[in-house]
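*Asks:* Got a predicted structure here, sequence first:
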Amino acid sequence: MRTYNVAILGATGAVGTRLVQQLEQSTIPVASVKLLASARSAGKKATFKGEEVTIEEATPEAFVGIDIVLASAGGSVSKRLLPEAVKRGAVCIDNTSAFRMDPEVPLVVPEVNPEQLKKHHGIIANPNCSTIQMVVALKPVFEKFGIEQVIVSTYQAASGAGQSALNEFFQESRDYLDDKEMSAEILPTASDKKHYPLAFNLLPQIDVFEDEGYTHEEWKMIHETKKILLNDMNATDLKVTATCVRVPVPISHGESVYVQVKDKKATAQDIRAAIAEGEGIVLQDDPSQQIYPQPLNAVGTRETYVGRIRPDQENAGAFNMWVVSDNLLKGAAWNTVEIAERLVSEDLVHPQ
């Protein structure tokens, strides 16, 4: 049986540490693991399956002999280093936005469009965390009933902005409860002019603002959804719009998803039955018993949870649903490792 040399780029971050954990639990026959990070983290120790591993500085030469790269070190690092890894024979799965809209790079959620993996040229992009859980929930609906339009409002956890943002949120919470002034230096986005506290607050801005008042996060959800479901980021056959909000929750995103299907005879029970059979989905939908997805319960799990499925009583063929998933696992680390598992099982880990 073939074994694989795996490198994790950005191994010390919030997603990187989870990449290590998910790789430990995966079906991939790992021959060796190399943990890569910035120069300031080089020399530190970590463990993989009980064995101590020394973290190395991420350089082009570090990818010599590597078969699979799992990357989550930021877009600029991915743009600089992943092409170098490909030159040295590695297949890279990137968890940043660096390559998502590149028409030559597959944008993959294994439960939704695994066939795109066969088209890779060395790099596969992991979609945005908020997009992943939504398309997992929509895939069985899309296949059985067709979809004309999606309107989504997100309730995104602090950890979606990284470990430093999560730490800031926790400190703000402590300060607020101790009747101290809260200090914000990161959210809604570190690169923008102003920063606001997230604790006991809601921030209707994720990433920077772009054309017509949409944030880049909203832009990503719109175009990534189209690329994943229709293989065309600018497809006009599917209308998508998004409002993305950061909420004072540590981990797991929630989404209110409104979907208009092409089959106007579809009922809420039809939608519920289709979703119940969807890959990677757990249906939690029993209002009589107050059963519905909750972010707290999703933490540490790989599944996407769907509930509150109900018809729009004003428009035939339109439905509401509530979707929750751990943004650091299914939204990032697990989806990345799951892609790697598919590459291994289908013998796609080789230069294309």
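*Replies:* Received, thanks. Numbering: from 1, shown residues only.

*Asks:* my guess is Leu70 is in a strand, correct?
*Replies:* Yes - Leu70 sits within a strand when classified using DSSP: H, G, I helix; E, B strand; the rest coil.

*Asks:* can I assume it is in contact with Asn335?
*Replies:* No - the criterion here is C-beta atoms under 8 Å, and Leu70 misses it with Asn335 at 10.7 Å. Where you see a C-beta, it was placed from the backbone N, CA and C, and this is true even at glycine.

*Asks:* Let me see the residues that make contact with stretch 52-60.
*Replies:* 9-12, 33-39, 41-47, 62, 73, 77, 81, 84-85, 87-88 (C-beta atoms under 8 Å, 6 or more residues apart in numbering).

*Asks:* Let's see that with 10 Å instead.
*Replies:* 7-12, 16, 20, 32-47, 62, 71, 73, 77, 80-81, 83-85, 87-88 (C-beta atoms under 10 Å, 6 or more residues apart in numbering).

*Asks:* where do the contact lists of Leu70 and Asn335 overlap?
*Replies:* Gln22, Ile93, Asn95, Asn126.

*Asks:* From Leu9, how far off is the last one?
*Replies:* Distance check for Asn126 against Leu9: by C-beta to C-beta, to the nearest Å, it reads 12 Å.

*Asks:* Over to Val20?
*Replies:* 12 Å.

*Asks:* More neighbours: which of the two?
*Replies:* Leu9 (31 against 22; other C-beta atoms under 10 Å).

*Asks:* Was I right to think that one contacts Leu36?
*Replies:* Yes - under the criterion of C-beta atoms under 10 Å, Leu9 makes contact with Leu36 at 4.9 Å.

*Asks:* where do the contact lists of those two overlap?
*Replies:* Counting by C-beta under 10 Å, 6+ apart, the common neighbours of Leu9 and Leu36 are Gly16, Ala58, Ala62, Phe63, Ile66, Val69, Ala71, Ala73, Val77, Leu81, Ala85.

*Asks:* Assumed Pro83 was part of a helix.
*Replies:* Yes - under three-state DSSP, Pro83 falls within a helix.

*Asks:* For the helix of greatest length in the chain, buried residues please.
*Replies:* Using DSSP state H, we find that the single longest helix of the chain is helix 129-145. By neighbour count on 16 or more other C-beta atoms under 10 Å, the buried set for helix 129-145 is 129-142, 144-145.
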